[in-house]
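Student: Predicted structure and sequence below. I'll ask about it afterward.
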Amino acid sequence: MRIKIIRLTALFAFTIVLNPAAGQQFTGVKELADRARAADSKSDLCTVVTLAKTAAGNDIQVITIGKGDKESKPGIAVVAGVDGAYLLGREIAIGLADTLGSDASKPEISQLLDKVTFY
């Protein structure tokens, strides 16, 4: 299980890195909130909760992804955006949420979500 999680994380780190040649840019605060709401609305596996507001008035959100009784399983916390200078972390975190939600029907993702909850 540990190897699969590390491999999964490495996959996201390499596939989510932005390609400047393709004209991609980092996601803004509004777009991040929109992507979180989209994940919440398109999957029963995802829930989004606003914990607090930043000093600038932006929402601090937690996306919970898992199957069944999410609170009774081990959890994996993916923390990003703590320091606004490191933008890639939040791109990887929201990309992970997008991928887990959209690929939940794949056997390896489904088995992972049966065993752990992502926050």
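Tutor: Okay, I see it.

Student: Which residue, other than its chain neighbours, is closest to residue 53?
Tutor: Leaving aside its chain neighbours, residue 53 sits nearest to residue 59 (6.2 Å; criterion: CB to CB, 6 or more residues apart in numbering). (Glycine included, C-beta is placed from N, CA and C.)

Student: Could you report the neighbour count for that neighbour?
Tutor: Neighbour count of residue 59, defined by other CB atoms under 10 Å: 15.

Student: That one contacts residue 37, doesn't it?
Tutor: No - with contact defined as CB atoms under 8 Å, residue 59 does not count as touching residue 37 (10.2 Å).

Student: which residue is nearest the centroid of this protein?
Tutor: residue 97 (2.8 Å; CA atoms, centre = their mean).

Student: what sits against the closest residue in space to residue 67 that isn't next to it in sequence?
Tutor: Nearest in space to residue 67, with sequence neighbours left out and distances taken as CB to CB, 6+ apart, is residue 113 at 4.7 Å. By CB atoms under 8 Å, 6 or more residues apart in numbering, the contact set of residue 113 is 45, 65-67, 100, 104.

Student: Residue 113 and residue 43, how far apart?
Tutor: Computed as CB to CB, to the nearest Å, the residue 113 to residue 43 distance reads 10 Å.

Student: what touches both of those two?
Tutor: With CB under 8 Å, 6+ apart, residue 113 and residue 43 have common neighbours residue 104.

Student: returning to what we had before: dump the contacts of residue 113 to TSV, plus distance to residue 76 and secondary structure.
Tutor: Converted to TSV, those look like this (distance: CB to CB, whole Å; DSSP: H, G, I helix; E, B strand; the rest coil):
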residue	distance to residue 76	secondary structure
45	14	coil
65	9	strand
66	10	coil
67	14	coil
100	10	helix
104	15	coil
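
Student: which pair in these spans the largest distance?
Tutor: Taking CB to CB as the measure, those span a maximum distance of 10.6 Å, between 67 and 100.
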